[in-house]
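Asker: give me a model of this one.
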Amino acid sequence: MVYVAGLVAALSLGFGYVLQQRVAATMPLDELLRWRLLFHLMRRRLWWAGVASMVVGQVLAGLALQLASVAVVEPLLSTNLVFALAFAALFARGRARWQEIVGACVLSTSLGVLIAVGNPKSSHEPTSNSVTIGLAVAAVGTATLLLVAVARQRGLVGKSILLATGAGLMYGLQDAATRASFVRIGDHGVRSLTTTPWPYLVVASAVVGILLSQSAFEAARLDYSLPPIAAAEPVTGILLGIWLLGDVTSVTVPGLVVQSACLAGMIAGAALIAHSPNLGSARAPADTSAPPSS
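Answerer: Prediction:
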């Protein structure tokens, strides 16, 4: 059951990303990082179809995380990049290139090995309190703000990569808050959510993550904007799970060596995907280096 839920969640997430990017890429560049971008996107039915697909994926991902450990589920979810490549090729009426397939497999496999070596194990007794939650939110928020500040000084490709990384951080926070909400419901019932910050963090991080991801999708092609999200979200979710939810992980010297190699593999996989012509049809190549109009 967990494998079915995890793979269907990944398929739904990949499909949702592709639909959202195809709509976001048609928006005026002067709406980048502006809330009106979301208001304009909300007028497009195709974008809402992408959102619905993402919601299905997130719900199934939450279910899978209740059925198995993070080490089992997150590698399954990371295959959303592979599904996104397949859907993008389908929409482009082309076939996936070897760079896309190899790059997606290298990135997903590296991420899976990275998580498996760390072997994080979920805890049903979150150790966080208001202080640790506040510190975690401040850390993620500060890192995201720094990425946005640097992104403002870059061309469209740089903006897309940095904003997508920030979106991945926020989605990782959303993942951790979602897990904590499920644990809270299981222990104390749905009504107990009104006395905990977790559901509010789910909504807030999701809204900010959507703004950043749609801005990244608008700025440049999906081959630049999606890999940073696919890499940053699970890593951030695992780190926050350790910090906030009492998850435990194995740390050894050989394991750290393997994990370092996996990080290099993730970068190499993302670089290969960046050569994908199928994912690049939504933005003209000339737009990828010019600054947005103000």
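Asker: name the helices or strands packed onto the longest helix along the chain?
Answerer: Once the chain is assigned using DSSP state H, the helix that runs over the most residues is helix 156-188. Judged by 3 or more Cβ pairs under 8 Å, 6 or more residues apart in numbering; DSSP states H and E, the packing partners of helix 156-188 are helix 45-67, helix 130-151, helix 198-219, helix 222-244. All C-beta spots, glycine's among them, are computed from the backbone N, C-alpha and C.
Asker: could I get these as CSV with distance to residue 258, mean neighbour count and mean pLDDT?
Answerer: CSV is the format used below for the helices and strands packed on helix 156-188 (distance: least, Cβ to Cβ, whole Å; neighbours: other Cβ atoms under 10 Å; pLDDT from 0 to 100):
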stretch, distance to residue 258, mean neighbour count, mean pLDDT
helix 45-67, 24, 18, 87
helix 130-151, 25, 15, 92
helix 198-219, 30, 22, 91
helix 222-244, 15, 25, 82
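Asker: pipe the ones you listed into CSV and attach distance to residue 188 per row.
Answerer: Supplementary listing: the helices and strands packed on helix 156-188 in CSV, determined by distance: least, Cβ to Cβ, whole Å:
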stretch, distance to residue 188
helix 45-67, 16
helix 130-151, 17
helix 198-219, 12
helix 222-244, 17
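Asker: mind checking which of the ones you listed is nearest residue 167?
Answerer: Between residue 167 and these, the shortest gap by Cβ to Cβ is with helix 198-219, which sits at 3.9 Å.
Asker: quick one: the longest helix of the chain to helix 130-151, angle?
Answerer: Comparing the axes of helix 156-188 and helix 130-151 via axes from the mean of the first three to the mean of the last three Cα atoms, to 10 degrees yields an angle of 170 degrees.
Asker: how far does helix 156-188 sit from its chain's centre?
Answerer: 7 Å (Cα atoms, centre = their mean, to the nearest Å).
Asker: in it, which residues are buried?
Answerer: 156-184 (16 or more other Cβ atoms under 10 Å).
Asker: try stretch 248-268
Answerer: Of the residues in stretch 248-268, those scored as buried under the neighbour-count criterion (16+ other Cβ under 10 Å) are 249, 255, 259, 262, 265-266.
Asker: just name the closest of those residues to residue 8, please.
Answerer: When the buried residues of stretch 248-268 are ranked by distance to residue 8 (Cβ to Cβ), residue 266 comes first, at 23.8 Å.
Asker: secondary structure element holding that closest one?
Answerer: Taking DSSP states H and E as the definition, residue 266 sits inside helix 253-273.
Asker: can I get that helix as CSV, trimmed to CA atoms?
Answerer: Taking Å, rounded to 0.1, in the frame of the first residue of the first chain, the C-alpha atoms of helix 253-273 are listed here in CSV:
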residue,chain,number,x,y,z
VAL,A,253,32.0,8.4,8.8
PRO,A,254,31.5,6.0,5.9
GLY,A,255,27.9,7.2,5.7
LEU,A,256,29.0,10.8,5.5
VAL,A,257,31.3,10.0,2.6
VAL,A,258,28.5,8.3,0.8
GLN,A,259,26.1,11.1,1.5
SER,A,260,28.7,13.6,0.2
ALA,A,261,28.9,11.6,-3.0
CYS,A,262,25.1,11.6,-3.2
LEU,A,263,25.0,15.4,-3.0
ALA,A,264,27.5,15.6,-5.9
GLY,A,265,25.3,13.1,-7.8
MET,A,266,22.2,15.3,-7.2
ILE,A,267,24.0,18.3,-8.7
ALA,A,268,25.2,16.3,-11.6
GLY,A,269,21.7,15.0,-12.3
ALA,A,270,20.2,18.5,-12.2
ALA,A,271,22.9,19.7,-14.6
LEU,A,272,22.0,16.9,-17.1
ILE,A,273,18.3,17.8,-16.9
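Asker: quick check: residue 89 touching residue 100?
Answerer: Yes - using Cβ atoms under 8 Å as the test, residue 89 is close enough to residue 100 to be in contact (7.5 Å).
Asker: and these two? Which one has more around it.
Answerer: Relative neighbour count places residue 100 above the other of residue 89 and residue 100, with 26 against 20, counting by other Cβ atoms under 10 Å.
Asker: residue 84: neighbour count?
Answerer: When counting by other Cβ under 10 Å, one arrives at 28 neighbours for residue 84.
Asker: residues contacting it?
Answerer: Remark: with contacts taken as Cβ atoms under 8 Å, 6 or more residues apart in numbering, residue 84 is in contact with 13-15, 17-18, 222, 226.
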